[in-house]
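Q: Sequence isn't available, so here's the structure alone:
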């Protein structure tokens, strides 16, 4: 077994995270930032699926930052799913907005912070 000697941090990512990073990189053209944002999306998805997540994203429509509290936890959103929703693009993250009481989405490259 060979060990690698490095002074730089090493991040190991799965195939889905790498694929997401490639999609983000097509839009922002910064390989380091795209990996960081892709890892942030992983963290957000984990928090959305396990409870209520607190996060910030940039809204392209009016160039403002939006602070949101959302969830995808089945027990919390089951009564709001009708099967009549529209299909979202793969580069968007959907969530149930706790404050506004509806499904919302944002482009994953616009994720700024996950608390």
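A: The structure has been received and is ready for your questions. The shown structure was predicted, so the numbers you read here are calculated from the model rather than taken from an experiment.
Q: name the element the spatially most central residue of the chain belongs to?
A: For the chain, residue 41 is the residue whose C-alpha lies nearest the centre (C-alpha atoms, centre = their mean; 3.0 Å). Element membership for residue 41, per DSSP states H and E: helix 31-50.
Q: same question, residue 58
A: Secondary structure (DSSP H and E) places residue 58 in strand 52-59.
Q: So which elements touch that strand?
A: Contacts defined by 3 or more C-beta pairs under 8 Å, 6 or more residues apart in numbering; DSSP states H and E place strand 52-59 against helix 31-50, strand 64-71, strand 111-114. Just so you know, the C-beta spots here come from the backbone N, C-alpha and C atoms, and that holds for glycine as well.
Q: If you count neighbours, what's buried in the last one?
A: Within strand 111-114, the residues that qualify as buried are 111, 114, counting by 16 or more other C-beta atoms under 10 Å.
Q: Run through who's touching it.
A: For strand 111-114, the surrounding residues in contact (C-beta atoms under 8 Å, 6 or more residues apart in numbering) are 37, 40-41, 43-44, 47, 53-58, 65, 93.
Q: repeat that for 6 Å
A: Strand 111-114 has contacts (C-beta atoms under 6 Å, 6 or more residues apart in numbering) with 37, 40, 43, 44, 55, 56, 57, 58.
Q: okay, the fifth one: pLDDT?
A: This means residue 55. With respect to pLDDT, residue 55 has a value of 98.
Q: Excluding chain neighbours, what is closest to it?
A: Nearest non-adjacent residue to residue 55, counting by C-beta to C-beta, 6 or more residues apart in numbering: residue 114, 4.8 Å away.
Q: From the chain's centre, how far out is the helix holding residue 41? Work that out for me.
A: Put simply, helix 31-50 sits 5 Å off its chain's centre (C-alpha atoms, centre = their mean, to the nearest Å).
Q: And for stretch 44-52?
A: With C-alpha atoms, centre = their mean, you get 10 Å for stretch 44-52.
Q: And for stretch 56-70?
A: With C-alpha atoms, centre = their mean, you get 13 Å for stretch 56-70.
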